[in-house]
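In: Just the structure for this:
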Amino acid sequence: MITLIIGGGWSGLAAAVRLSQRGHKVHLFESASQLGGRARSVDWHGLEVDNGQHLMIGAYRHTLSMLEDIGADNKALFHRLPLDIQILDRDYPSLRIAAGRGLPWPLSLAWRLWRDNDAACFRQISRLNLKARQFKPAQDISVRDWLNQSGQSQRLIRQLWEPLCLATLNTPINTASAAVFARVLSTTFRTRSDTDLLIPRLPLGKTLPTLAERYIVKQGGQISLQSRVEKINITQGRVQGLVTQYGQRFNADQIIVATPLTTARTMLNEHLSLPDCATFPIATAYLQYPASFRLPAPVIGMSGSLTQWLFDRRELRPGLISAVISGPGEHEALDKKSLLDRVASEIHQQWPSFPLIPDQGFVIREKRATFACNVDIQRQRPNNRTEITGLWLAGDFVANPYPATLEGAVLNGEQTAIQLMEQLDASR
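Out: Numbering: from 1, shown residues only. Take a look at the predicted model:
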């Protein structure tokens, strides 16, 4: 028996790996010429860069575990750093969030919040972290309303919570789900190691996509690239197989759809009612400066500016800086040159030693990077198992406690594979 998987992003790959581990044969179909989905690598003048700058953290336990299972050395893949991030703003003093050492967790975090900022910041951040652990998901409101109800100052809303909400939910705080944001906060700050920053030493395409492909094929699985699925054959509420754009037919009793939500809706609109969620973009600007230039830290936050997060990517090439702008906003109306000029200007304003014009620049826009993680989104997210026998859903939009992240994608891929195997075992 073979399971067909549609979509070679991180969720589809996770499902294929877990099925292969248990001896199930899989055949994965990917419409693009490479694996990785919305977390893949692209070529820029002979340098492989990510299609979007992703930051992993120690709390990504499912992702890290899967990488180890398929032969990865996570110490070689990621530069693991203790949490220590400054967020800069033109109107406020810099804000520093650091894990701290020398005291038990979370006292070390509390001590550093007090020492590095001020008493008001310490009290407000501590209060919100406590409220995050107590949040009742059934009573969802917007992140902004939650922050206002929790007594957060306008400074912290602008300088900390808004950038963090955009970075994790890719959704503006006026409409973002407080239930999901609270879960992200409570999970991220669960232990000291969960807050660690994992800076990829390699392009993301060289991590899970490459290693998973090798593992799946070694276990006897098959991967078809540039193979778009045109139709899923369903008869009397039961999966029969699929048809590719080349007219090839593949029969199967089990199919996992692990595509973005918009693609899944188009493919299944005759058979399933999937939510019609809005999507939001992410823009990543790569700026190449002379090799001697580097940021003061590997990751720096910025608020009150177009640029939201800066990453020093000298492990890929000395002098390379990536800037991330998440969610909707004025950046969408800027052409690529104007966007690069704006980001470079903001870097120069913050650090005048940086040239006003970088040597080279490159912009990648993912127009549908994530689903909009709005209030009550958790009521709309579908389950892994559908009412059609043999049809399963994966992908980051499928129900789980988290927003559209790599960890959520891997988690859903794993859970789909586990539920599918449990059903097959029960039917024998």
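In: outside of stretch 388-395, which residues touch it?
Out: The contact list for stretch 388-395 (C-beta atoms under 8 Å, 6 or more residues apart in numbering) reads 5, 7, 9, 11-12, 14-15, 232, 234, 237-239, 252-261, 264, 268, 271-272, 382-386, 409, 412-413, 416, 419-420. C-betas here are computed from N, CA, C, even on glycine.
In: Which ones among these lie within helices?
Out: Per DSSP state H, helices hold the following members of the contacts of stretch 388-395: 11-12, 14-15, 261, 264, 268, 409, 412-413, 416, 419-420.
In: Quick one, which of these are buried?
Out: 11, 12, 14, 15, 261, 264, 268, 409, 412, 413, 416, 420 (16 or more other C-beta atoms under 10 Å).
In: Looking at the residues you listed, spot the one nearest residue 72.
Out: For those, the residue nearest residue 72 by C-beta to C-beta is residue 14; the value is 13.3 Å.
In: any idea which strand is longest in the chain?
Out: With secondary structure taken from DSSP state E, the chain has its longest strand at strand 360-371.
In: Helix or strand next in line after that strand, which one?
Out: strand 391-393 (DSSP states H and E).
In: tell me which residues in that next one are buried?
Out: Taking 16+ other C-beta under 10 Å as the criterion, strand 391-393 shows 391, 392, 393 as buried.
In: In space, what's closest to the second one - neighbours in sequence excluded?
Out: Which is residue 392. residue 256 (4.5 Å; C-beta to C-beta, 6 or more residues apart in numbering).
In: list the contacts for the one you found?
Out: 3, 4, 5, 6, 12, 15, 392, 393, 394, 416, 417, 420.
In: returning to that earlier point: which residues are in contact with the longest strand of the chain?
Out: Contacts of strand 360-371 (C-beta under 8 Å, 6+ apart): 38, 42, 44-45, 49, 51-52, 169-171, 260-262, 277-288, 326, 336-337, 339-340, 344, 377, 396-397, 403-404.
In: These in helices, which ones?
Out: Per DSSP H, the contacts of strand 360-371 map to helices at 169, 261, 262, 336, 337, 339, 340, 344.
In: For residue 34, state which of those residues is nearest.
Out: Using C-beta to C-beta, the ones in helices among the contacts of strand 360-371 come closest to residue 34 at residue 262, 19.9 Å.
In: do you know how far the closest one is from residue 45?
Out: Distance of residue 262 to residue 45, given as C-beta to C-beta, to the nearest Å: 31 Å.
In: So if I had to pick from those two, which one is more boxed in?
Out: Neighbours per residue, other C-beta atoms under 10 Å: of residue 262 and residue 45, the larger number sits with residue 262, 15 against 9.
In: Touching, the more buried one and residue 276? I think so.
Out: No - contact criterion C-beta atoms under 8 Å: residue 262 and residue 276 do not qualify, at 9.2 Å.
In: Quick check: residue 79 is in a strand.
Out: Yes - using DSSP: H, G, I helix; E, B strand; the rest coil, the assignment for residue 79 is a strand.
In: who's in contact with it?
Out: Contacts of residue 79 by C-beta under 8 Å, 6+ apart are 198, 199, 200, 201, 298, 315.
In: Can you check what pLDDT the model gives it?
Out: As predicted, residue 79 sits at a pLDDT of 92.
In: ok, so what distance separates it from residue 302?
Out: Residue 79 is 21 Å from residue 302, by C-beta to C-beta.
In: average pLDDT across stretch 397-412?
Out: Stretch 397-412 comes out at a mean pLDDT of 95.
In: in that stretch, what's buried?
Out: 397-398, 400, 402-412.
In: just stretch 112-120 next, same as before
Out: For stretch 112-120, using 16+ other C-beta under 10 Å, the buried residues are 112, 113, 116, 117.
In: Run through the stretch 251-400 of the chain and note the low-pLDDT ranges.
Out: Residue ranges of the stretch 251-400 of the chain with pLDDT under 70: none are present.
In: what about residue 358, neighbour count?
Out: 24.
In: Not counting sequence-adjacent ones, nearest residue to it?
Out: Here the residue nearest residue 358, using C-beta to C-beta, 6+ apart, is residue 287, at 4.1 Å.
In: repeat for residue 31
Out: Using C-beta to C-beta, 6+ apart, the closest residue to residue 31 is residue 228 (3.8 Å).
In: Identify the residues contacting that neighbour.
Out: 29, 31, 244, 245.
In: Strands - which of the residues you listed land there?
Out: Short answer: the contacts of residue 228 in strands (DSSP E) are 29, 244.
In: now, which of the contacts of residue 228 sits nearest residue 161?
Out: For the contacts of residue 228, the nearest to residue 161 is residue 31 (37.3 Å; C-beta to C-beta).
In: what about the residue lying closest to residue 231 once chain neighbours are set aside, how many neighbours?
Out: Sequence neighbours aside, residue 243 is the residue nearest to residue 231 in space, at 4.6 Å (criterion: C-beta to C-beta, 6+ apart). Per other C-beta under 10 Å, the neighbour tally for residue 243 reads 14.
In: could you check the distance from residue 243 over to residue 221?
Out: 20 Å.
In: now residue 170
Out: Distance from residue 170 to residue 221, by C-beta to C-beta: 32 Å.
In: all strands for the stretch 51-200 of the chain, in order.
Out: 56-57, 78-81, 84-89, 95-98, 197-200 (DSSP state E, counting those that start in this stretch).
In: What is the fourth one packed up against?
Out: Under the contact criterion of 3 or more C-beta pairs under 8 Å, 6 or more residues apart in numbering; DSSP states H and E, strand 95-98 touches strand 84-89, helix 107-116.
In: make it 10 Å
Out: strand 84-89, helix 107-116, helix 119-134, strand 299-303 (3 or more C-beta pairs under 10 Å, 6 or more residues apart in numbering; DSSP states H and E).
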